[in-house]
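Participant: heads up, no residue letters with this:
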């Protein structure tokens with residue numbers, strides 16, 4: 001219950017709480033044998049505006065992957081076993097304790113996700129306190145990816161409007177692209193049968209780096 005309540009706190013407050021906790025820990029529990037020196041600057045972090053703490057929705061991330069946008073490093077912070085079982089296409093597995101030892105560049109655009117936003121917030125804090133410029137959190141992590149991209153629920157009803165039909169078709173296409181399946185209003189309540197699909201989508205997804213001036217895209 002405590003973790004759930006913490007996850008519902010706005011991102012800025014979550015990160016502020018974690019910053020204080022980790023800052024205290026870093027003072028009293030530093031490991032002299034660790035080659036990675038984490039410098040915590042709480043004063044600098046406290047001056048960061050809410051606009052600088054970026055949360056990216058899973059629907060937006062899915063759109064980037066489908067369109068081949070590839071100007072970021074997508075980092076899965078979960079353990080290796082969970083990562084091998086299922087991962088978001090194009091993601092890399094780096095656990096929080098290894099972030100500062102990884103090959104991540106301070107100039108990379110970094111997207112972090114985990115089972116929830118708590119671990120992602122920890123990763124955000126560690127990177128920002130070590131001068132990584134662009135760090136973002138995938139809001140809701142793998143749970144939101146499952147519920148909004150792989151197995152989205154459509155409650156159009158028996159007589160959907162044209163707008164609802166369009167939404168239904170779009171959700172169906174996106175979920176199918178990533179190996180999932182749209183949950184209709186009839187099956188939506190039967191959540192116990194919903195399982196993560198086998199990871200087949202990444203093998204068919206080609207990410208292309210865009211060059212030159214970005215073309216204006218319509219709806």
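Facilitator: Now that the structure is in, tell me what you want to look at. Since the structure is predicted, the reported quantities are computational estimates derived from the model, not experimental observations.

Participant: List the buried residues of stretch 90-102.
Facilitator: When neighbours are counted by 16 or more other CB atoms under 10 Å, the buried residues of stretch 90-102 are found to be 90, 91, 94, 95, 96, 99, 100. (C-beta placed from N, C-alpha, C; glycine too.)

Participant: In helices, which of those fall?
Facilitator: Judged by DSSP state H, the subset of the buried residues of stretch 90-102 located in helices is empty.

Participant: just these now: which is nearest residue 76?
Facilitator: residue 91 (4.4 Å; CB to CB).

Participant: which SSE is residue 66 in?
Facilitator: Residue 66 is part of helix 58-67 when elements are defined by DSSP states H and E.

Participant: Following the chain past that helix, name the next helix or strand.
Facilitator: The element immediately downstream of helix 58-67 (helix or strand, assigned by DSSP H and E) is strand 73-76.

Participant: correct me, but residue 175 touches residue 147?
Facilitator: No - no contact is recorded between residue 175 and residue 147 when judged using CB atoms under 8 Å, the distance being 10.8 Å.

Participant: Looking at the two, which is more packed in?
Facilitator: Regarding residue 175 and residue 147, a neighbour count based on other CB atoms under 10 Å identifies residue 175 as having more, with 21 against 16.

Participant: Run through the residues that contact the closest residue to the more buried one other than its chain neighbours.
Facilitator: What sits nearest to residue 175 in space, not counting adjacent residues and going by CB to CB, 6 or more residues apart in numbering, is residue 182, at 5.1 Å. For residue 182, the contacting residues are 151, 152, 154, 168, 171, 172, 175, 176, taking CB atoms under 8 Å, 6 or more residues apart in numbering as the criterion.
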